[in-house]
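Curious how this folds, go ahead:
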Amino acid sequence: MSDFAQNVEKQFGELVIEHYFNKEPFVYSSGLSSTISDTRKLFPDRKNMFDRLFEDNISQESLAEEQKLFPPSNYNNLVKLVRLIETEKSTETLQDDLQQNCLIYYLLLDANQEAADAYASEILLPEAYQHFMNGCYALDRGDMHKAVEEITYPGTASTYPDAVVQALNAQAVAQKKRNEGDVLIVRYFDDNTPRCDMHESMTIYIACLARLDPMTALTYIRSLTHGAQSGAFECLVKACVEERYLGGVWRLGNLPFTQREGDLLQQALDAMSPDEDLNNDILVTRALHLGQVRKAKSLINLAVAKRGGEEKWGEYEATLALY
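Modelled structure (predicted):
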């Protein structure tokens, strides 16, 4: 029996904390506490991955108390948090024990990886759960690369996919690492094939694909049902229009849309982009690249009539002369 499992008057988790956490200096410094608090602020519901795991697996009713205790302001509050984890679980099954152990493992990562590994070995925490908890921890600490490395590890439990996608997206925006975030989110989908329930998660995924490669986004959209394609086209258009200075608009105008997809494109432009001139430019570009010169001229004339002048014509005159 391990040296910290002999005192029967205390719960095992509390003994683990006593064994691995020093009272002074306390690991939850102001910097670490700020990081945890800042991560919560990224979400409308103010819940990071640790909060979601506690709420779903331990006690929804005790979430407010958990959020007061985590991050702990002192050693005593850390002990209170562990006691809460160990005593608030609703039933006494092996699955409940596993969920409780996962949260204590997460806390030990703040002590150090060696402490967490020793605990995992002591309680025989499955490797898949270790990797998933490492990923949750990394998400809550703003390490997107580490998070995806862990969560996509072969055999890792693919749980909380919506929370993972939204956490990665929120971190990418907060850290101003949009491209890195897009790559990592797409990798997560490619490696894990997560089953997301929330519309927002799929919107994020399509936008990531569109920013990286609009053709890949279009290919994915084609795999959806007809009913889902309209909303997906709006995601595609919105992402490309926002990337106009990075070639997003030009690439959008050159995608090989079918007739039906061309109609969906126009509907999406009307719905998502208030810039009528930009929308017209995209449709003109598409018409020219399809060799539809008459349609291109018609679109240009319509734009000129709306604006009451012919200044727009000069921008296309040289191009039209080639057809």
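
How about residues contacting stretch 33-45?
46-48, 51, 67, 70-71, 73, 139-142, 166-167, 170-171, 174 (C-beta atoms under 8 Å, 6 or more residues apart in numbering). The C-beta positions use only the backbone N, C-alpha and C, and glycine is treated the same way.

Also stretch 123-130?
Residues contacting stretch 123-130 (C-beta under 8 Å, 6+ apart): F12, L98, N101, C102, Y105, A116, Y119, A120, Y153, G155, T156, A157.

Which of the three states applies to F189?
helix (DSSP: H, G, I helix; E, B strand; the rest coil).

Quick check: it vs Y20, distance?
Computed with C-beta to C-beta, to the nearest Å, the distance linking F189 and Y20 is 36 Å.

for H199, same thing?
The value you get for H199 to Y20, if C-beta to C-beta is used, is 42 Å.

Tell me which of these two has more neighbours.
Y20 (19 against 11; other C-beta atoms under 10 Å).

Excluding covalently adjacent residues, which one is nearest to that one?
For Y20, ignoring the flanking residues on the chain, the nearest one in space by C-beta to C-beta, 6 or more residues apart in numbering is A115 at 4.0 Å.

so the one you found touches Y106, yeah?
No: A115 is beyond contact range of Y106, at 11.6 Å (criterion: C-beta atoms under 8 Å).

picking that back up, can you select the buried ones from the contacts of stretch 33-45 in PyMOL?
If you want just the buried ones from the contacts of stretch 33-45 in PyMOL, going by 16 or more other C-beta atoms under 10 Å, the selection is:
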select buried, resi 47+48+51+67+70+71+139+140+141+142+166+167+170+171
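
Just the ones in helices from the contacts of stretch 33-45, please.
D51, Q67, L139, D140, Q166, A167, A170, Q171, A174 (DSSP state H).

now the third one: how far from L299?
Read that as L139. From L139 across to L299, the span is 46 Å (C-beta to C-beta).

in the stretch 201-323 of the chain, which spans are helices?
Listed in chain order, the helices of the stretch 201-323 of the chain (DSSP state H, counting those that start in this stretch) span 214-222, 226-242, 248-253, 259-272, 276-289, 293-307, 313-320.

List the buried residues in the fourth one.
By that I understand helix 259-272. E261, L264, L265, Q266, A268, L269, M272.

how close does Y205 sit to M215?
15 Å.

Give me the more crowded residue out of those two.
Using other C-beta under 10 Å as the criterion, Y205 and M215 rank with Y205 on top: 23 against 14.

The nearest residue to the more buried one once chain neighbours are set aside - how many residues pack around it?
Once flanking residues are discounted, Y205 sits nearest to F189: 5.7 Å by C-beta to C-beta, 6+ apart. By other C-beta under 10 Å, the residues close to F189 number 21.

Next: S223.
Residues near S223, counting by other C-beta under 10 Å: 9.

Can you list phi and psi of it for me?
Main-chain dihedrals, S223, degrees, to the nearest 10: phi -80, psi -10.

same thing with P25?
phi -70, psi 140.

That one and S33: what is the separation?
Distance from P25 to S33, by C-beta to C-beta: 14 Å.

go on, N77?
Look at N77 and S33: by C-beta to C-beta, they are 11 Å apart.

for the chain, what helix or strand is lowest in average pLDDT?
For the chain, scoring each helix and strand by mean pLDDT, DSSP states H and E identifies helix 313-320 as the least confident one, at a mean of 55.

Could you list the low-confidence segments of the protein?
Scanning the chain for pLDDT under 70 picks out 1-10, 89-96, 244-246, 307-323.

run the last query once more with 90
Applying pLDDT under 90 to the chain flags residues 1-25, 56-61, 86-100, 155-159, 241-254, 272-323.

center of it, which residue is that?
V165 (2.5 Å; C-alpha atoms, centre = their mean).
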